[in-house]
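1. What follows is a predicted structure for the sequence shown.
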Amino acid sequence: MDKPIDIKRRGYLNFFKDGVTDALLYGNRDETKLFSAYYKQGYDFGMAFNFEEVYIGDEKENQTYYLQTRRMKMAFNEMNIEDMLCDMYDIRRMAKFTTFDQSPKDSNGTIFTIKDCIDNVIEQLEDHAERNNIEVT
């Protein structure tokens, strides 16, 4: 079983990762997480890798790199989030039906279950859909 300090550290790390994700994928901060210094540090760290601010060579080469990375970002934003969520809802339903969802997520003695991981993925996809005004039915 994890010690309370390990659980607390994992929470800090999750805020840091959320900050990095928001910087790299969305380019803006989540106002609901600004209370966390770890979120802010993660966001700043992620912004250091923001493709729009990278200069890699002459002007033409830099513009080509910018366009390529911009297309990669847009491709993710244009994925069918609704289909992914539908699949995750089905996975969650079947995992619960088979009680697989109560299994630990790994063999390292974690307190987190498969259900916790599935719920996290669903939450992240729903958050992405909401931020990008993607209607999920």
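-> That came through, no problem. Residues are numbered from 1 along each chain as shown.
2. What are the boundaries of the helices in the chain?
-> With helices called from DSSP state H, the chain shows them at 4-21, 37-47, 59-77, 81-97, 114-131.
3. and the fourth one, what does it pack onto?
-> Under the contact criterion of 3 or more C-beta pairs under 8 Å, 6 or more residues apart in numbering; DSSP states H and E, helix 81-97 touches helix 114-131. Placement of C-beta: from N, CA and C, glycine included.
4. Any buried residues in the helix it packs on, and which?
-> By neighbour count on 16 or more other C-beta atoms under 10 Å, the buried set for helix 114-131 is 114-115, 118, 122, 125, 128-129.
5. Counting by contacts, list what that helix packs against.
-> helix 81-97.
6. Now do the helix it packs on: distance to the chain's middle.
-> Taking C-alpha atoms, centre = their mean, to the nearest Å, the mean C-alpha location of helix 81-97 is offset from the chain mean by 17 Å.
7. Give me the mean pLDDT for it.
-> Averaging pLDDT along helix 81-97 gives 86.
8. go on, stretch 112-129?
-> Rounded mean pLDDT across stretch 112-129 is 88.
9. How far does that stretch sit from its chain's centre?
-> 9 Å.
10. Residue 105 contacts residue 120, doesn't it?
-> No - counting by C-beta atoms under 8 Å, residue 105 does not reach residue 120; the two are 9.8 Å apart.
11. sorry, back to before: quick check: which of the helices of the chain is buried the most?
-> Of the helices of the chain, the one with the most neighbours on average (mean count of other C-beta atoms under 10 Å) is helix 37-47, at a mean of 18.
12. May I have that one exported as CSV, CA atoms only?
-> Extracted in CSV, the C-alpha atoms of helix 37-47 (Å, rounded to 0.1, in the frame of the first residue of the first chain):
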residue,chain,number,x,y,z
ALA,A,37,2.0,25.8,-8.2
TYR,A,38,2.8,22.4,-9.8
TYR,A,39,0.3,23.0,-12.6
LYS,A,40,1.8,26.4,-13.3
GLN,A,41,5.3,24.9,-13.4
GLY,A,42,4.2,22.2,-15.7
TYR,A,43,2.5,24.7,-18.0
ASP,A,44,5.6,26.9,-18.1
PHE,A,45,7.7,23.8,-18.8
GLY,A,46,5.3,22.8,-21.7
MET,A,47,5.3,26.3,-23.1
